[in-house]
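# build me a model:
(chains A and B)
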Amino acid sequence: MTKANNEANVSELETEEEPRIAVFVCHCGHNIAGTVDVEKVAESAKDLPNVVKAEHYMFMCSKTGVKMLQDSIKELGVNRTVVASCSKLQHGRTFAKAIEEVGLNKHKHQQVNVREFCSWVHKNDKEGATQKAIQLVEAGVNRARKLEDVETRKIPTTKAALVIGAGVAGLRAANDLAELGVPVTLIEKNSTIGGHMTQLNKTFPTLECPQCSISPLTNGVANHPLIDLYTLAQVKNVEGSMGNFTVEFEIKPRYVHDNCTSCGECSSVCPIEVPSEWDKGMSMRKAIYKAYPQAIPSTFVRDKQTCIGCNSCINVCPVQAVDFSMKTEKKTVNVGSIVVAAGFNEYDPSEIEPYHYGQDGYDDVITQLQLERMLSPTSITNSEVLRPSDGRIPKNIVMIQCVGSRNDQVGNAYCTGVCCKFAIKNARILKENYPNSNVTICYIDVRTPGLNFEELYKSAQEIGVRFIRGRPSEILRNPLTGELRVIVEDTLSMTPLQLKGDLVVLSAAMVPPEGIGPLGSRLHVLRSKEGFLKEFHIKMNPTLSSKGGIYLAGAIQGPKDISESVAHAGGAAALAAAHLVKGYIEKEMLIPKIDYSLCISCGLCKTVCAPAAIDVDQDRVYSVNEVACKSCGMCMPACPTGAIQLINFSDDQLRDEIIPLSGGEAHCHD
Amino acid sequence: MTSSEVGDFCDPMDAEIKAKIKNLVVFMCNECGQGAANTAGVARMGYDAAIRIVRVQCSGQVGPIQIMDALNNGADAVGVVGCCLGACHFFNGNILSMHRIKLMKKLFKELGYSDQFVNQWTARAAEGETSVGDFEDMVDRLAVAIKNKGTIKDGC
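Model prediction:
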């Protein structure tokens, strides 16, 4: 018989819909046969309906065993196979592949596990194990009877990616994707790219210049031929699923054209001054401005909210780049993957009342990011640390750790994980710059895991930074002198202390960025209880979001330092590019089917579907998005009418399997 | 066993009750559930032969239909085993399942049956003892329920 002939025979049989089942019981040497009476099991399977062959053999996974399986299909016209041997994980695939070779769909194989689930765990109960094996095989045969073909489909993908956020993670992801040959659309909410990293003075633990580290990346991305960069842009709508998304985003006007030479004439004539957001309020900016000298894109930007429309900038611009008539644009792109790198926000400590952050008279209470801005080479103070209240160099500097993290009162139970490291780094820099100053860090626990961080901690201790274990209860201000005192209990020596604080620095937590809620719902991805976007699996898939094709990079998934963010972004980019470079997604259509005669359009299946794989049109007709579906079957119990059924895992098929396992025939109830 | 022996009945009676338990249907998810049971098997950890494992895609796939199918057909009790909370491979199926099982328990109680008909556990694929612990707990809970309420099957 030729192979073509066999296939013809098989397909003929399938049209008849008569299940012909072959059962094979494996001895696995003594592993199964030593406990389970395999002959008895095979014998009992012979009497089951639709079983045309039931045999037992020493090693089913051997070449001979596999040939027995294939021969039964060729010679007896078997169209469903049951092998009672080891787990599906171990050899399920071997047998599935074997039946596929002779023309059967691989989902027509039913693996019954009588080794790990039976013989190996019931060594002392041979009778019970044999009885259990008989039941397991009967259940397997029942299950096999109604197995359906599941096709594997190739779905073409759009070779393009969208990266949301141009901080260090977003830049890394965009760059990696572009280097893999994927055209990238990179959108950034702010007017400049580079994110929080550009605001820093030094990076731990090596005390490198962050601006120097990131500028090759920012320049590279801005000039990459495959990367389209849009600043002042925000996602408005996302449709589609893995491989084929349609994303609509909105670009706010910059009011300055690209021919700007960044000469700064406009800024110098602008009469408006407001605190600079990028400089964390430590300096002033004009209404038409550039966030910082090295900013990319180097085009100036006009802040429409604060501008009074005096037109002086328009008149003074030598290249006529300023244009107040620019309008908000909308753009639509088709992409195959989305990488979300929306980053984080620094926690706003004004919520914690006893620290009086941002209140009148408490100007000398600042955050670590503000301190970084003062220390930075581009700062207005020329890298000097000066008290915001009187401009003097502070003598006593107190740092308070865990502001907004490890604090159930503000709802953030998590440890940000980087505050200890940057506080120690800043304390060391302060102590080096001002050897006569007293730098104190009030901590709960010092957490400096990882290479080189313990050394950083030690070096800070050696240089004379004082560490006090205790969370300060309050910052008090002397109303006459304006002097600040930090009230803290040193919990190691049980002594209450009042620390003089000329400058108090709060190590504020990393919190989800503003606007993450709307962004999450537009992307149809779920968020963790802390508000970050939730990863698909904390260990095995930390870069995939709850929805296939949408990946997370950097601190949007949870607090991370720069190196972790970069590594995370690289992983996200590799995953995002995988199916784009290949050009297609291979997907087994193991998806639920909806019986429209039963569907009542209640939408409950849609509410439980985590990967958002259930679509609904305007006529309230629900359908399964076969690409997005993850075959979990969570929609099945949610359906009140049983209209939605996962193929090969339907209620009917599961019932057939459950009946013999529950002890046989149905009892009479009613 | 006569009532005069009540004084030291604990262990022998437990064993007697446990011997009566014949079919316990456990729905185990395709990820950590199956993984843990496989690991237990590979490590040859013994457990009660009454345990019957059904492979489902996710613990969130198991609903009242499956649970009632098993109980109606003679299962002594039903267990649902999924991944640890927060580690579901299908995102939140185990949490959905938790809510569903809670409702089923409530329903059984309101109908006057023991709520130990159905229980949910979690398991870790790398630690076979988690699944064995789940199975042992299942048998123990059922034994206690039978002792307190008579055979569960009588209520069926």
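# what bits of the chain have low per-residue confidence?
You didn't pick a chain, so chain A it is. A:1-17, A:664-670 (pLDDT under 70).
# my bad, chain B
Applying pLDDT under 70 to chain B flags residues B:1-13, B:149-156.
# right, and the helix or strand after whichever strand or helix holds residue A:99?
Using DSSP states H and E, residue A:99 sits within helix A:93-101. Scanning forward in sequence from helix A:93-101 by DSSP H and E, the next helix or strand is strand A:109-113.
# output the contacting helices and strands for that next one.
The contact analysis (3 or more Cβ pairs under 8 Å, 6 or more residues apart in numbering or on different chains; DSSP states H and E) places strand A:109-113 against strand A:80-85, helix A:93-101, helix A:126-145. Heads up, the C-betas are built off the backbone N, CA and C, glycines and all.
# mind listing what the residue of the stretch 201-350 of chain A found nearest chain B touches?
At 14.8 Å from chain B, residue A:242 is the closest residue in the stretch 201-350 of chain A, using Cβ to the nearest Cβ. If you count contacts by Cβ atoms under 8 Å, 6 or more residues apart in numbering or on different chains, residue A:242 has them with A:157, A:336-337, A:547-549, A:579, A:585, A:627-628.
# by neighbours, which of those wins?
Tallying neighbours with other Cβ atoms under 10 Å in any protein chain shown puts residue A:337 at the head of the contacts of residue A:242, with 30 neighbours.
# doesn't residue A:553 make contact with that one?
No: using Cβ atoms under 8 Å, residue A:337 is not in contact with residue A:553, being 11.3 Å away.
# before we move on, what SS does the nearest residue to residue A:326 once chain neighbours are set aside have?
Take residue A:326 and drop its neighbours on the chain: the residue closest to it by Cβ to Cβ, 6 or more residues apart in numbering or on different chains is residue A:253, 3.7 Å away. Three-state assignment for residue A:253 (DSSP: H, G, I helix; E, B strand; the rest coil): coil.
# so how far is residue A:302 from residue A:253?
8 Å (Cβ to Cβ, to the nearest Å).
# for residue A:37, same thing?
In terms of Cβ to Cβ, residue A:37 sits 85 Å off from residue A:302.
# more neighbours: these two, which one.
Each of residue A:37 and residue A:302 has its neighbours counted (other Cβ under 10 Å); residue A:302 has more, 25 against 19.
# need the contact list for that one.
Counted by Cβ under 8 Å, 6+ apart, residue A:302 has contacts A:254-256, A:287-288, A:313, A:322, A:324.
# domain assignment for chain A?
Here chain A is described, according to automatic domain parsing, as comprising the domains A:3-150, A:161-252+A:328-344+A:512-584, A:346-511, A:589-647.
# can you pull out the helices in chain B?
Along chain B, counting by DSSP state H, helices occupy B:10-20, B:32-42, B:64-72, B:93-110, B:128-149, B:152-155.
# could you dump those to TSV with distance to residue A:174 and mean neighbour count?
Shown next, in TSV, are the helices of chain B (distance: least, Cβ to Cβ, whole Å; neighbours: other Cβ atoms under 10 Å in any protein chain shown):
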stretch	distance to residue A:174	mean neighbour count
helix B:10-20	62	13
helix B:32-42	35	25
helix B:64-72	46	21
helix B:93-110	33	18
helix B:128-149	42	19
helix B:152-155	61	14
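# nearest to chain A among these would be which one?
Closest among these, once you apply Cβ to the nearest Cβ, is helix B:32-42, at 2.7 Å.
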